[in-house]
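# Curious how this folds, go ahead:
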Amino acid sequence: MTLPALSAIDGRAPQDVPALMADMGRRARAAARVLALASAEAKNAALQAMAAAVEAAHAEILAANAADVERARLASLAPSFVDRLVLNETRIAGIAEAIRAVAALPDPVGSVIAAWDRPNGLHIERVRTPLGVVGVIYESRPNVTADAGALCLKAGNAVVLRGGSDAARSSAAIHACLTAGLEAAGLPADAIQLVATSDRSAVGEMLAGLGGAIDVIVPRGGRSLVERVQAEARVPVFAHLEGLCHLYVDKAAEIGMAVKIAVNSKLRRTGVCGAAETLLVDRAAADTHLAPILDALAAKGCEIRGSDAIRALWPKAEAASEADWSTEYLDAILSVALVDGVEGAIAHIERWSSHHTEAIVTDDRETAERFLASIDSAILLHNASTQFADGGEFGMGAEIGIATGKMHARGPVGVEQLTSFNYRVRGSGQTRP
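Below is the predicted model of the structure:
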């Protein structure tokens, strides 16, 4: 397995970036034409070979990741950022498992979404087709290299991957395994390409569409990246702005469940987009529910930033500022407020939410249904942790990201969301009068 030269990964090698990216686009388009006709068996064979290659190369991947992590720590990056970057034996095994899970999914390409007959005898089918070439721009998470490559392949798409420079070595090591899997199955290596330069102009070339080669862009990263993509992209975007997720504890919530869900939603992994950033507690339950929840969070090292009403009841809280309600901490920090029942929770969430994921804890089914029907977010949960906002947990095998827009893809972007469709009309000589 040959990794790219470190000079190329670091962006120090002299390169004509527009020419490099245009060539990648042409090769991706050619590969996409092959993949559109590839059998499910060939794609699955490639995915199985990729998973095996990841397992076989775990030492090389760990060594590459150690170099990335050391650079991140020397740069004094936030612990939550480093957590997203770190790979270990368990996480590498998880990458291989996710690839195999994608292989086990039904092949979406060619599946009939709907079919009907017209009075004139025409038979019409709506059939899933690949998107073509997907551009994925992401930061810090090396596992996205494998998830995006596997999902796009399963959906019959070629993909151009542009990861962050902070995870360059890790992504290159994983990408080498994906290429090996493609070649083992007789599929074009150009089906999954990794941009081997940290030159920021490469992102601009992708946003311009690589001369018409890219059909859709999927950004996965912080606000600045996603806002740039949305502002500059000349091709459609599956947008994931940020995960400003809320958890509302209703007066009818069972206390033990509320404590367990609050702790897990915030602290299981603080650096993921499904981590809760704001806790809302029904004012009618403040005397019974608030202290047990906040005590449990604080005992595990979570900093509480509360409204004046919260601080009056739980004085250990820091004062929350206006900015806290719109901050995705990605850290062990939680903003907390009291609200007047489910209607107050809905109003707060509609004002501050990024429309990613919101959850309610309550034993009152009517209140739960009111919450689920009223909030305009991609993922809504009742009596479950916000950390279930994940394509793998939804049975999708993996995801490229959580789309917070409303067009085409919303929520976890998995295999089906990476397809389009066409209409296939079969007749027996009909002409239109």
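# mind listing the strands in the stretch 251-400 of the chain by residue range?
Assignment of strands within the stretch 251-400 of the chain using DSSP state E, counting those that start in this stretch yields the ranges 276-282, 303-306, 318-319, 333-339, 357-361, 379-382.
# Next, format those strands as a markdown table and append mean pLDDT and mean neighbour count.
C-beta: built from backbone N, CA, C; applies to glycine. Shown next, in a markdown table, are the strands of the stretch 251-400 of the chain (pLDDT from 0 to 100; neighbours: other CB atoms under 10 Å):
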| stretch | mean pLDDT | mean neighbour count |
| --- | --- | --- |
| strand 276-282 | 98 | 27 |
| strand 303-306 | 98 | 20 |
| strand 318-319 | 97 | 12 |
| strand 333-339 | 98 | 23 |
| strand 357-361 | 97 | 29 |
| strand 379-382 | 97 | 20 |
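# Now tabulate these in JSON lines and tack on distance to A252.
Formatted as JSON lines, the strands of the stretch 251-400 of the chain follow (distance: least, CB to CB, whole Å):
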{"stretch": "strand 276-282", "distance to A252": "8"}
{"stretch": "strand 303-306", "distance to A252": "22"}
{"stretch": "strand 318-319", "distance to A252": "29"}
{"stretch": "strand 333-339", "distance to A252": "14"}
{"stretch": "strand 357-361", "distance to A252": "9"}
{"stretch": "strand 379-382", "distance to A252": "12"}
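# Could you work out which of these reaches nearest to R200?
strand 276-282 (28.5 Å; CB to CB).
# what's in contact with that closest one?
243-251, 253, 262, 265-266, 289-290, 293, 325, 327-329, 334-342, 344-345, 348-349, 352, 359, 386 (CB atoms under 8 Å, 6 or more residues apart in numbering).
# go on, stretch 213-228?
With CB under 8 Å, 6+ apart, stretch 213-228 has contacts from 25-26, 28-29, 131-141, 144, 148, 160, 164, 203, 206-207, 229-230, 233, 235-242, 328, 400-401, 413.
# Need the CA coordinates for the longest helix seen in the chain. PDB is fine.
If you go by DSSP state H, the chain has its longest helix at helix 17-35. Only the C-alpha atoms of helix 17-35 are listed here, as PDB (Å, rounded to 0.1, in the frame of the first residue of the first chain):
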ATOM      1  CA  VAL A  17      -4.100  23.200  -8.500                       C
ATOM      2  CA  PRO A  18      -6.700  24.100 -11.200                       C
ATOM      3  CA  ALA A  19      -5.100  21.600 -13.600                       C
ATOM      4  CA  LEU A  20      -4.900  19.000 -10.800                       C
ATOM      5  CA  MET A  21      -8.600  19.400  -9.900                       C
ATOM      6  CA  ALA A  22      -9.800  19.500 -13.500                       C
ATOM      7  CA  ASP A  23      -8.000  16.200 -14.100                       C
ATOM      8  CA  MET A  24      -9.600  14.700 -11.000                       C
ATOM      9  CA  GLY A  25     -13.000  15.800 -12.300                       C
ATOM     10  CA  ARG A  26     -12.500  14.300 -15.700                       C
ATOM     11  CA  ARG A  27     -11.400  11.000 -14.200                       C
ATOM     12  CA  ALA A  28     -14.300  11.000 -11.700                       C
ATOM     13  CA  ARG A  29     -16.800  11.500 -14.500                       C
ATOM     14  CA  ALA A  30     -15.400   8.600 -16.400                       C
ATOM     15  CA  ALA A  31     -15.400   6.400 -13.300                       C
ATOM     16  CA  ALA A  32     -19.000   7.400 -12.600                       C
ATOM     17  CA  ARG A  33     -20.100   6.100 -16.000                       C
ATOM     18  CA  VAL A  34     -18.600   2.700 -15.100                       C
ATOM     19  CA  LEU A  35     -20.200   2.600 -11.700                       C
END
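# so what does the helix or strand following that helix touch, helix or strand wise?
Sequence order places helix 40-56 as the next helix or strand after helix 17-35, per DSSP states H and E. When contacts are defined as 3 or more CB pairs under 8 Å, 6 or more residues apart in numbering; DSSP states H and E, helix 40-56 packs onto helix 89-104, helix 143-154, helix 168-184.
# just checking, what packs against the first one?
Using 3+ CB pairs under 8 Å, 6+ apart as the contact criterion, the secondary-structure elements in contact with helix 89-104 are helix 40-56, helix 58-74, helix 143-154.
# any chance of those in CSV, plus mean pLDDT?
Listed next are those as CSV, based on pLDDT from 0 to 100:
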stretch, mean pLDDT
helix 40-56, 98
helix 58-74, 95
helix 143-154, 96
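# Can you lay out those as CSV showing distance to A285 and mean neighbour count?
Output for those, formatted as CSV (distance: least, CB to CB, whole Å; neighbours: other CB atoms under 10 Å):
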stretch, distance to A285, mean neighbour count
helix 40-56, 47, 21
helix 58-74, 41, 17
helix 143-154, 38, 28
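# For G429, which of the ones you listed is the nearest?
It is, among those and with distance given as CB to CB, helix 40-56, at 33.5 Å.
# before we move on, the earlier item: so how do I select the buried members of the contacts of stretch 213-228 in PyMOL?
Selection command for PyMOL covering only the buried members of the contacts of stretch 213-228, criterion 16 or more other CB atoms under 10 Å:
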select buried, resi 25+28+29+131+132+133+134+135+136+137+138+139+140+141+144+148+160+164+203+206+207+229+233+235+236+237+238+239+240+241+242+328+400+401+413
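# Which of the contacts of stretch 213-228 fall in helices?
Among the contacts of stretch 213-228, DSSP H puts 25-26, 28-29, 144, 148, 203, 206-207, 229-230 in helices.
# Shouldn't Q193 be within a strand?
Yes - with DSSP: H, G, I helix; E, B strand; the rest coil as the criterion, Q193 is located in a strand.
# Could you give the bridge partners of it?
Judged by DSSP bridges, the bridge partners of Q193 are V160.
# And for it, the neighbour number?
23 (other CB atoms under 10 Å).
# try the one 4 residues further on
Under the neighbour criterion other CB under 10 Å, T197 is assigned a count of 22.
# go on, the one 5 residues further on?
Number of residues near A202 (other CB under 10 Å) recorded here: 22.
# now swap in R426 and tell me
Counted with other CB under 10 Å, R426 comes out at 11.
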